[in-house]
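Novice: Have a look; sequence and predicted model below, questions after that.
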Amino acid sequence: GAVVSQHPSRVICKSGTSVKIECRSLDFQATTMFWYRQFPKKSLMLMATSNEGSKATYEQGVEKDKFLINHASLTLSTLTVTSAHPEDSSFYICSARSGATHTDTQYFGPGTRLTVL
Amino acid sequence: GESVGLHLPTLSVQEGDNSIINCAYSNSASDYFIWYKQESGKGPQFIIDIRSNMDKRQGQRVTVLLNKTVKHLSLQIAATQPGDSAVYFCAEKEARRDYKLSFGAGTTVTVRA
């Protein structure tokens, strides 16, 4: 149980293009999904919190117009990196939390490696 | 500021020995702690969690200890195996903080054959 998938696993794009990353909870309904960014040999940095049916809450310093998040259903959240530039190259990871009461555990997806040329 | 941090960035362990990974935190308002294992190129994998009303919790080959007095968290892995080689992160959640987790810097564990 508690399986989270991401698609694609890796993507290479040209500078200026937009890239969409999908995050799905496969065997549970995710009331809340989170998007993280991770640089090589560094810890996870929370970018935003996404609740189903409402606008995402972005962490300080994260541009909401740059990183568009949509949480249209209880099993799917998407992150779109708009007008990507080389500095956006990173490992993007999503996590999901079920809607059950007192459930604080986040289950992570396998991550998406984005390379912007 | 308040942060979650680890005492040692790397840990080398002989196969078959027990491993102890430490984590210090300073936010006394944290009520939930969790350990993740991350292998290279993959997402973090849940290992074990513990709430602040507990001191110890055991899983399969792993034990998490929480010392709220000194704000210290540890993960013990019994009979370490080569497959345990990975980066281990501790994370904390502050009570009433919208389920957000704050992650430590991570400890790289290398198992020697």
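Specialist: Cool, the structure landed.
Novice: what residues does chain B put near chain A?
Specialist: Where chain B comes near chain A, counting by CB under 8 Å from any CB of the partner chain, the residues are B:32, B:34, B:36, B:41-46, B:49, B:89, B:93, B:98-101, B:103-106. Every residue, glycine included, has its C-beta placed from N, CA and C.
Novice: Using ChimeraX, define a selection of the buried residues within the residues you listed.
Specialist: In ChimeraX, this line selects whichever of these come out buried by 16 or more other CB atoms under 10 Å in any protein chain shown:
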select /B:32,34,36,42,43,44,49,89,93,99,100,101,103,104,105,106
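Novice: Quick one: name the residues of chain A near chain B.
Specialist: Of all the residues in chain A, those lying near chain B are A:2, A:4, A:6, A:32, A:34, A:42-44, A:46, A:49, A:57, A:93, A:95, A:97, A:104-111, A:113, going by CB under 8 Å from any CB.
Novice: which of those residues are buried?
Specialist: Of the members of these, the ones counted as buried by neighbours, 16+ other CB under 10 Å, are A:2, A:4, A:6, A:32, A:34, A:43-44, A:46, A:49, A:57, A:93, A:95, A:97, A:104-111.
Novice: Filter these down to the ones in helices?
Specialist: Counted as lying in helices by DSSP state H, out of those, is not a single one.
Novice: Can you name the residue of chain B nearest to chain A?
Specialist: Using CB to the nearest CB, the point where chain B gets nearest to chain A is residue B:43, with a distance of 3.9 Å.
Novice: Now that residue. Nearest residue, chain neighbours left out?
Specialist: Excluding its sequence neighbours, the residue lying closest to residue B:43 (CB to CB, 6 or more residues apart in numbering or on different chains) is residue A:108, at 3.9 Å.
Novice: And residue B:51, by the same measure?
Specialist: Nearest in space to residue B:51, with sequence neighbours left out and distances taken as CB to CB, 6+ apart, is residue B:32 at 5.5 Å.
Novice: Verify the contact between that neighbour and residue B:100 for me.
Specialist: No - look at residue B:32 against residue B:100 with CB atoms under 8 Å: they stay out of range, at 10.8 Å.
Novice: which residues do those two both contact?
Specialist: Taking CB atoms under 8 Å, 6 or more residues apart in numbering or on different chains as the contact rule, residue B:32 and residue B:100 both touch residue B:93.
Novice: Mind jotting down where the strands sit in the chain?
Specialist: Here I'm looking at chain A. Listed in chain order, the strands of chain A (DSSP state E) span A:4-7, A:10-13, A:19-25, A:30-38, A:44-51, A:57-58, A:67-73, A:76-81, A:90-98, A:107-108, A:112-116.
Novice: oops, I was thinking of chain B
Specialist: Taking DSSP E as the test, the strands found in chain B are B:4-5, B:10-14, B:19-25, B:30-38, B:45-51, B:56-58, B:62-67, B:72-77, B:86-94, B:102-103, B:107-112.
Novice: Let me have those strands in TSV, adding mean pLDDT as columns.
Specialist: Rendered in TSV, the data for these read as follows (pLDDT from 0 to 100):
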stretch	mean pLDDT
strand B:4-5	54
strand B:10-14	94
strand B:19-25	93
strand B:30-38	94
strand B:45-51	95
strand B:56-58	97
strand B:62-67	97
strand B:72-77	96
strand B:86-94	93
strand B:102-103	92
strand B:107-112	95
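Novice: wait, which of the ones you listed is closest to residue A:11?
Specialist: Closest to residue A:11 of those is strand B:30-38 (CB to CB; 20.3 Å).
Novice: so the nearest residue to residue A:10 once chain neighbours are set aside bridges to which residues?
Specialist: Excluding its sequence neighbours, the residue lying closest to residue A:10 (CB to CB, 6+ apart) is residue A:113, at 4.1 Å. Beta-bridge pairing for residue A:113 (DSSP bridges): residue A:10, residue A:91.
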